[in-house]
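Student: Next one to model:
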Amino acid sequence: MRTGEPLPGVGDVLAALATGLWQWDTATGEVTVDAEAARLLGLPARGARLTEVQVRARLHPEDWNEITGVVRLAAVEGTLAEVRLRIMDERDHVVRIVRSRSRPTFDPVRKAYELIGTLQEVAQPEPGTPAGRRAVTGDWRRSREAFLLDAGRALAEARSTREVLRVAAGLAMPGFSPEGLAVFGVEGDRLTIIGHHGQQNGDEVPFADMPLDTAYPAAEVVRTGRAVYLSSPEEYRTRYPLTWPLAEPFDRRSWAFLPLTVAGHTMGAWMAGFTYPVGFTPDERSVLTTVARMLAQALSRAGAAETQRELTDGLQRSMLPVLGPDIPGVDIAARYVPTGGGLQVGGDWYDLIPLPGDRFALVIGDVQGHDVRAAGLMGQLRIALRAYAAEGHRPDAVLTRASRFLCGINGSDEDPGDVRFATCLYIEVDPLTGTAQSARAGHLDPVVRMADGMALIRATAGGLPLGIDPDADYPTTRLALEPGDTLLLCTDGLVETGGHDLQSGWARLRNVLERHTGDLEALADALVGVVHGPTSYYTTGPLVDRREDDIALLLLRRQDVAAEAGGVPARRPPVRRTMLTIAQAEPERIAAAREHLRDLLYDWPDGEQRDAAVLLLSEMLTNVLVHTDADALLVAEVTGEPGERRIHVEVSDSGKELPHKRRPGEMASSGRGLVLIEMLADAWGVAPRGTGKSIWYEVYESGPPAEPGDVPGGGAA
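Tutor: Model prediction:
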């Protein structure tokens, strides 16, 4: 064409560019095509008017549905509609892929869509790829930006290298998607495989330990920091003849090798392999480069997070004990679960300390805070507790010395005001007798699940958390474990995680504790599972704060080692027992004693008997605190088979004056204790002790036993 001559017609230009025109009116159902468009549709190369049915017969069934949806969406948004269409022959084979670009409009009067657009054969066919089956609304730039936003968000949320590789494998790039991926790393002067997708396990072996000076695209990318694009097998074979035999078996047609660069340092390479030819246009290279940068950042974050988790988990494991060999007479299970957020190390710990004479101590505690300093203090405190226990001190002395020790090391060089405290529960256990002595420093009370499945919080005497007062006093409480009883010690993370307070958290755990029938390890898993497992989403507590905390958990079950001749375990009647000390300065613990007895009698069929037993207990404890200067020790137990059970309640004190029956006047405010016991109890009595006395009473589920010589209520007055 010479200068000054008129421009050729639009049709001539489009024909020269192998681009056809088509027009569609949904009201009439007619599609008008020119000669080039007809040829691209597999029809004779001449203009024609076609019906929708005729056009639909030339397209893949999925593509017709996609183009109708794209047209509607583009008309609403006022954008171009772009879609790739697979043209089929009479044998349902794909003969070519064409790209349609059009500007659809909607006529509200005719309630129909009208559009005129172009058809052009795609230079790089993509059979079998997601891009070849999915329509794209709007132009390439818009779909590319949407893809990169989605990819960036998904990679940012990946927390581990495995998750990053999984996200990268699932990326469907706009217009083209790789069939195989590989991520290469660097160790010294060797190329390694971090992960791959689209290959069989073992296919990566030839590439897993390759020197960086090898004539291989990934090695060149790491050496130079520049991407390598190979559009055809011939180009690969020409540029890298030595390593082409390694790539040839994968039967790919194009490859892109891009550097993974973070802060100017090339940490590896990313390979994207395609089973169809890709020309790697500037737009495609831009997308691949951006994905490679995001992938490098995600891998760097994941690697740092995994290193931190490995470090902190190793630190925590080194500070937690190994429970060691089995202890005759008991089963023990333990769990430690770090919180889900922040640094995976904290101040929770548990320990098992061997003591002379086949005894041992169970320790559980929580240092304030959730950081490295809390973990360091925890390690020091655990060692100190072991040392004091090995010296032979009683539980109260062990905690007193530990509190003095923590006070002495509190505060840090950077912040002297950073004073931490720690809660702790220390229980010394004799596995042969089942007796235990506990001392508590601001920690949660232990829980006992009895042999018949009932769980009861054992209220124990306690003092201030460790590290507050160097001269703090920690009174001891005596516990008794029957064969089959299970002792639970835990930190507050097991109770309060998920928006729970102490009451609602205990109710959630109690349901699992009482219903579980498996072994001790399974019970430990079940208790952790109700807090962190799938059911935790349905058992949230009443508090708005859903903050998580570390969990430390210790379980001890006393075995039934008594056996009859022949080694068969002896049949014992079920026993429930609770013990509680009420000090002169703690009259409020009388209410706790009443609750203990009510819990012990939760399935007692006669409500009046249950109320009477609780009333008598309250009367006996009050008399000790009012009429003596001593503390009261409560021992309550339920024995026997259902229907023939008895309640035995005994309150002991160190006072020497024995109670006696009185006849109070009508207006007297006291003196009716023994009268009530005589009226409501089936049997009762007073027994002098070496250093005091005890008064007891019994209530029978089916009335007093009918034995000769028995006199109900015939206890000493």
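Student: Now the residue nearest the centre of the chain. Nearest residue, chain neighbours left out?
Tutor: Centroid-nearest residue in the chain: His532, 4.9 Å away (criterion: CA atoms, centre = their mean). Excluding the flanking residues, the one nearest His532 by CB to CB, 6 or more residues apart in numbering is Val337, at 6.5 Å. From N, CA and C alone the C-beta is placed, and that goes for glycine too.
Student: Asp550 is in contact with that neighbour, correct?
Tutor: Yes - using CB atoms under 8 Å, Val337 is in contact with Asp550, at 6.9 Å.
Student: okay, and the common contacts of the two?
Tutor: Gly493 (CB atoms under 8 Å, 6 or more residues apart in numbering).
Student: Looking at the two now, which is surrounded by more residues?
Tutor: Between Val337 and Asp550, counting by other CB atoms under 10 Å, Asp550 is the more crowded of the two (23 against 18).
Student: so what's the more buried one up against?
Tutor: Tyr336, Val337, Pro338, Thr339, Gly346, Gly347, Asp348, Asp366, His370, Thr491, Gly493.
Student: who wins for most neighbours among these?
Tutor: Asp348 (30 neighbours).
Student: you'd agree it is up against Tyr336?
Tutor: Yes - with contact defined as CB under 8 Å, Asp348 and Tyr336 form a contacting pair (6.8 Å).
Student: Between the contacts of Asp550, which sits nearest Leu260?
Tutor: Pro338 (30.1 Å; CB to CB).
Student: Distance-wise, check that closest one relative to Val528.
Tutor: 12 Å (CB to CB, to the nearest Å).
Student: Kindly report the same for Arg557.
Tutor: 17 Å.
Student: Helices of the stretch 1-150 of the chain, residue ranges please.
Tutor: Remark: helices assigned in the stretch 1-150 of the chain by DSSP state H, counting those that start in this stretch are 10-16, 35-40, 52-58, 61-77, 140-157.
Student: Now do stretch 629-649: distance from first to last residue.
Tutor: 21 Å (CA to CA, to the nearest Å).
Student: Pull out the buried residues from it.
Tutor: 630-639, 645-647, 649 (16 or more other CB atoms under 10 Å).
Student: Could you identify the most distant pair in those?
Tutor: Maximum distance among the buried residues of stretch 629-649 (CB to CB): 30.7 Å, for Ala630 and Arg645.
Student: Assumed Arg301 was part of a strand.
Tutor: No - according to DSSP: H, G, I helix; E, B strand; the rest coil, Arg301 belongs to no strand; its state is helix.
Student: where does it land on pLDDT?
Tutor: We have a pLDDT of 85 for Arg301.
Student: Over to the one 10 residues further on?
Tutor: With respect to pLDDT, Leu311 scores 68.
Student: ditto for the one 5 residues further on
Tutor: Turning to Gln316, the model gives it a pLDDT of 61.
Student: Name all residues that make contact with the closest residue in space to Gly195 that isn't next to it in sequence.
Tutor: Leaving aside its chain neighbours, Gly195 sits nearest to Leu165 (3.9 Å; criterion: CB to CB, 6+ apart). Residues counted as contacts of Leu165 (CB under 8 Å, 6+ apart) are Leu181, Val183, Ile194, Gly195, His196, His197.
Student: Quick check: beta-bridge partners of the last one?
Tutor: The one in question is His197. Here His197 sits in beta bridges with Leu181, going by DSSP bridges.
Student: thinking again about what came up before, what do Asp348 and Tyr336 both touch?
Tutor: Asp550, Ile551, Ala552.
Student: By mean pLDDT, flag the weakest helix or strand of this structure.
Tutor: strand 136-137 (a mean of 39; mean pLDDT, DSSP states H and E).
Student: what comes into contact with the helix or strand encompassing Leu479?
Tutor: Following DSSP states H and E, one finds Leu479 within strand 476-480. For strand 476-480, contacts defined as CB under 8 Å, 6+ apart pick out 394-396, 427, 434-440, 446, 448, 458, 460-461, 487, 577, 579-581, 633.
Student: Please indicate which of the residues you listed are buried?
Tutor: Using 16+ other CB under 10 Å as the burial test, these include 395-396, 427, 434, 436-440, 446, 448, 458, 460-461, 487, 577, 579-581, 633 as buried.
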